[in-house]
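K.L.:
I would like to see how this sequence folds:
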Amino acid sequence: MVITVAVVDDDLGMLTAVERLLNAHGYGTVVFKSAEDFLDHGDQSKLTCMVLDVNLTGMSGIELMRVMRSSGSTLPVVFLTGDNDEDKRVITLREGGFAFLRKPFSGNMLIETIKKAAS
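P.N.:
Next comes the predicted model:
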């Protein structure tokens, strides 16, 4: 079974880096530059988990997860952020996020977190 991960990040460099890392470890990826793009084109039924930036332009990652949860989605969400906002970490985990990683994080940390989310 191929594990497919949605990656949502408005930073093209980060989006590409995460996609390449996941592909190098045998994961399938589907990438989106915004939460709105994911909502318009994402098929959650084919996904195993999601890597989601907290601070997206437009709808935030937290808002996207809330929309997903309100529609019944239980997709594991691994949040990424470049800021050190403890309140956002607490909110994401309390509202159903699987993990919260602060940038910069190691590739191994992300891969291990994805493995746990996918199991």
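K.L.:
If you count neighbours, what's buried in stretch 98-117?
P.N.:
For stretch 98-117, burial by neighbour count (16 or more other CB atoms under 10 Å) applies to 98-101, 110-111, 113-114, 117. The C-beta positions use only the backbone N, C-alpha and C, and glycine is treated the same way.
K.L.:
out of those, which one sits closest to residue 83?
P.N.:
Distance to residue 83 across the buried residues of stretch 98-117 (CB to CB) is lowest for residue 100, with 11.3 Å.
K.L.:
before we move on, what SS does that closest one have?
P.N.:
With DSSP: H, G, I helix; E, B strand; the rest coil as the basis, residue 100 sits in strand.
K.L.:
what's stretch 34-43 in contact with?
P.N.:
Applying CB atoms under 8 Å, 6 or more residues apart in numbering, the contact partners of stretch 34-43 are 6, 8, 10, 30, 32, 56-61, 63-64, 67.
K.L.:
Same question for it: list its buried residues.
P.N.:
Within stretch 34-43, the residues that qualify as buried are 34-35, 37-38, 42, counting by 16+ other CB under 10 Å.
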